[in-house]
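Chemist: Build me a model from this:
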Amino acid sequence: MTAVTEVSHLEVQAAAQDLHYQVIDPSQGTIIADVSPVAVGTSQRRSAVKQVLAMLGRGRRIIPAEAHHIGRVVLRVADRQGPTLFFSDRAEKWMVNPCVPQVVVVDASGGVLGYLTDDHYAVMTPMDRKVANNIATIRSRRTLCDRNRDVVAEIYVQSPTYPGGKPVGTPEYNTRFVGPDGVVWAEIKSARQVVEFSPQTPSEVRSLIAANMIANEVDKRLIPTGSDFRAPVPLEPLSDPYPGYQQIHVEYMEYQQKFIKWYRERATPAG
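Modeler: Next up, the predicted model:
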């Protein structure tokens with residue numbers, strides 16, 4: 001993966017064009033990769049009338065994301081010389097599903113490098129949050145998995161709190177990417193979202209962490225938070241971006257369909 005897996009620090013910044021990003025080595029101040037869309041599916045929003053009917057039927061407010069169908073988004077990550085490093089393929093998110101869809105990280109030849117997954121069934125369960133010495137540690141629902149879907153990193157965020165749990169203004173925080181055996185692969189030590197890799201972090205894990213940082217920026221753009229959400233302009237690829245493109249999300253779409261049925265049955269009125 002050339003520079004993306006060789007740098008000690010990494011940062012992802014949004015570019016001027018929608019869904020375009022730059023991967024930066026902040027220690028050198030250089031751009032090491034460009035991120036651009038190669039496929040953007042059509043998104044749509046539930047009509048206001050259907051929204052009201054859904055609220056009445058559920059007896060609660062509808063989470064903004066539930067009212068939106070967000071199309072599949074495939075981004076190409078390329079080094080500055082042009083060759084593709086990998087694709088970040090964000091699955092289509094159906095209406096009613098309030099969760100972030102899976103992202104598959106795929107190499108130029110169609111080989112799966114790994115998955116960024118989210119346990120949808122935990123959506124109605126409070127996040128795992130522990131407080132010790134006025135420091136709250138929260139485990140993210142997103143997990144980084146290898147091509148065999150084995151977990152290679154979980155994400156933990158630490159933030160200072162008052163004894164009562166109230167955040168202290170906008171505190172500095174620490175994010176860690178932790179392997180199954182407790183090894184820390186990388187850290188983010190400030191709000192600037194600069195990743196600092198541990199020297200022993202394998203290139204495969206570095207690629208997934210880089211893909212996760214890109215996915216975080218995409219989530220900021222694609223997760224609806226209110227009525228002002230603007231869907232991205234669709235982009236139809238002239239050909240499949242990579243071999244296996246049509247089948248890559250089949251298993252996840254089945255998972256999403258089952259989850260939506262489960263969620264409809266169990267979503268309870270807000271207190």
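
Chemist: Please count neighbours and contacts with C-alpha atoms only from this point.
Modeler: OK.

Chemist: Can I get the strand or helix carrying residue 260 in PDB, CA atoms only?
Modeler: Using DSSP states H and E, residue 260 sits in helix 250-266. Written as PDB, here are the backbone C-alpha positions of helix 250-266 (Å, rounded to 0.1, in the frame of the first residue of the first chain):
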ATOM      1  CA  VAL A 250     -25.000 -10.000  -0.700                       C
ATOM      2  CA  GLU A 251     -24.500 -11.400   2.800                       C
ATOM      3  CA  TYR A 252     -24.800  -8.000   4.500                       C
ATOM      4  CA  MET A 253     -28.000  -7.100   2.600                       C
ATOM      5  CA  GLU A 254     -29.500 -10.400   3.900                       C
ATOM      6  CA  TYR A 255     -28.400  -9.400   7.400                       C
ATOM      7  CA  GLN A 256     -29.800  -5.900   7.000                       C
ATOM      8  CA  GLN A 257     -33.200  -7.300   5.800                       C
ATOM      9  CA  LYS A 258     -33.400  -9.500   8.900                       C
ATOM     10  CA  PHE A 259     -32.400  -6.700  11.200                       C
ATOM     11  CA  ILE A 260     -35.000  -4.300   9.800                       C
ATOM     12  CA  LYS A 261     -37.700  -6.900  10.500                       C
ATOM     13  CA  TRP A 262     -36.400  -7.400  14.100                       C
ATOM     14  CA  TYR A 263     -36.100  -3.600  14.600                       C
ATOM     15  CA  ARG A 264     -39.700  -3.000  13.500                       C
ATOM     16  CA  GLU A 265     -40.900  -5.500  16.000                       C
ATOM     17  CA  ARG A 266     -38.800  -4.300  18.900                       C
END
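
Chemist: which residues touch it?
Modeler: Applying C-alpha atoms under 8 Å, 6 or more residues apart in numbering, the external contacts of helix 250-266 come out as 94, 96-97, 102, 120-121.

Chemist: one more time with 7 Å, if that's ok
Modeler: For helix 250-266, contacts defined as C-alpha atoms under 7 Å, 6 or more residues apart in numbering pick out 96-97, 121.

Chemist: mind checking how far residue 70 is from residue 17?
Modeler: Per C-alpha to C-alpha, to the nearest Å, residue 70 is found 19 Å from residue 17.

Chemist: what's the answer for residue 209, then?
Modeler: Counting by C-alpha to C-alpha, the gap from residue 209 to residue 17 is 23 Å.

Chemist: neighbour count winner among the two?
Modeler: residue 209 (22 against 8; other C-alpha atoms under 10 Å).

Chemist: quick one on the thing from earlier: which residues in the helix holding residue 260 does the neighbour count mark as buried?
Modeler: For helix 250-266, the neighbour count (16 or more other C-alpha atoms under 10 Å) marks 252-253, 256, 259-260, 263 as buried.

Chemist: Make JSON lines out of the residues you listed and add distance to residue 242 and pLDDT.
Modeler: Formatted as JSON lines, the buried residues of helix 250-266 follow (distance: C-alpha to C-alpha, whole Å; pLDDT from 0 to 100):
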{"residue": "252", "distance to residue 242": "18", "pLDDT": "98"}
{"residue": "253", "distance to residue 242": "19", "pLDDT": "98"}
{"residue": "256", "distance to residue 242": "23", "pLDDT": "98"}
{"residue": "259", "distance to residue 242": "28", "pLDDT": "96"}
{"residue": "260", "distance to residue 242": "29", "pLDDT": "95"}
{"residue": "263", "distance to residue 242": "33", "pLDDT": "91"}
